[in-house]
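> I would like to see how this sequence folds:
(one chain, ligands or ions: 2)
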Amino acid sequence: MPLVDIETISRAQLEQDPFDHAVIPRSFVTDDIAENLRSEFSDVGFEQSERTEETRSDKQYRMFNRNLVTAGVVDQDQVRALPESWQLLVEDVVSKSYREAVSALTDVYLDQCQVEARMTRYARGCWIEPHTDRPDKAVTHLFYFNDGWNADWSGDLHLLRSADMNDCAKRVLPTTGTSVVLVRSDRSWHGVPPVAETCPVDRLALLVHFVRP
Ligand SMILES: O=C(O)CCC(=O)C(=O)O
Ligand SMILES: [Fe+2]
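Ligands and ions are numbered 1, 2, ... in the order given. Predicted coordinates:
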């Protein structure tokens, strides 16, 4: 039995403004499953990843990552160390039924794509500047795992009309069960402003990418 709600994902509403995306408030089969994944989100095994040079050729960011699936291959050493709920979730994100659900929702052909998946933690000051994602990332699915999120903490997902973080069409708080599907295009601007210094918790997410070979 999948943990992700295949029916809900495949039948979610694809919005066109500011670019093709869907916000899914309840992405797991039950609230108990979502809550269990939240409570078992890892707090070890993350590596800091940062790019903040002023002389820049690519997007700037700071976050902590734990890679679970790379180029379609599950990192068994990482995944075996996870609690059972997260092992099952990794099985879901590499499954055929999940891929078909995301394809049905987005109308993007994903059969040739390789799945990548990583857990991220954004501590205070972590962020990612506005970007559209690499062109080979056909579709991205972001799952969030915070037990509530105060809008004053910043660090929420911004869907943008341009490369300007202030040119924001929609904001999504990173609360448990919420997920967001983004269809990559030259217009798919999004970013996460820095998590506020007053924020008492890390921002927790699972990022799934369908990458064209
Ligand atoms: O964590 C998020 O909400 C977005 C992250 C993102 O856009 C990325 O890593 O490319
Ligand atoms: Fe992104």
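
> any low-confidence regions in this protein?
54-57 (pLDDT under 70).

> Please enumerate the strands of it.
Secondary structure of the chain by DSSP state E: the strands cover 21-24, 47-51, 61-70, 73-74, 114-122, 127-131, 137-144, 157-160, 168-172, 179-183, 190-192, 203-211.

> Make JSON lines from the ones you listed and add mean neighbour count and distance to Ser85 to it.
No exception for glycine: its C-beta is placed from N, CA and C like everyone else's. Below are the strands of the chain laid out as JSON lines (neighbours: other C-beta atoms under 10 Å; distance: least, C-beta to C-beta, whole Å):
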{"stretch": "strand 21-24", "mean neighbour count": "20", "distance to Ser85": "19"}
{"stretch": "strand 47-51", "mean neighbour count": "11", "distance to Ser85": "23"}
{"stretch": "strand 61-70", "mean neighbour count": "18", "distance to Ser85": "13"}
{"stretch": "strand 73-74", "mean neighbour count": "14", "distance to Ser85": "16"}
{"stretch": "strand 114-122", "mean neighbour count": "21", "distance to Ser85": "13"}
{"stretch": "strand 127-131", "mean neighbour count": "18", "distance to Ser85": "27"}
{"stretch": "strand 137-144", "mean neighbour count": "22", "distance to Ser85": "13"}
{"stretch": "strand 157-160", "mean neighbour count": "22", "distance to Ser85": "23"}
{"stretch": "strand 168-172", "mean neighbour count": "17", "distance to Ser85": "23"}
{"stretch": "strand 179-183", "mean neighbour count": "23", "distance to Ser85": "16"}
{"stretch": "strand 190-192", "mean neighbour count": "23", "distance to Ser85": "25"}
{"stretch": "strand 203-211", "mean neighbour count": "22", "distance to Ser85": "12"}
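
> Make a markdown table from those and add distance to Asn36 to it.
Shown next, in a markdown table, are the strands of the chain (distance: least, C-beta to C-beta, whole Å):
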| stretch | distance to Asn36 |
| --- | --- |
| strand 21-24 | 18 |
| strand 47-51 | 25 |
| strand 61-70 | 17 |
| strand 73-74 | 20 |
| strand 114-122 | 15 |
| strand 127-131 | 28 |
| strand 137-144 | 14 |
| strand 157-160 | 23 |
| strand 168-172 | 22 |
| strand 179-183 | 16 |
| strand 190-192 | 25 |
| strand 203-211 | 14 |
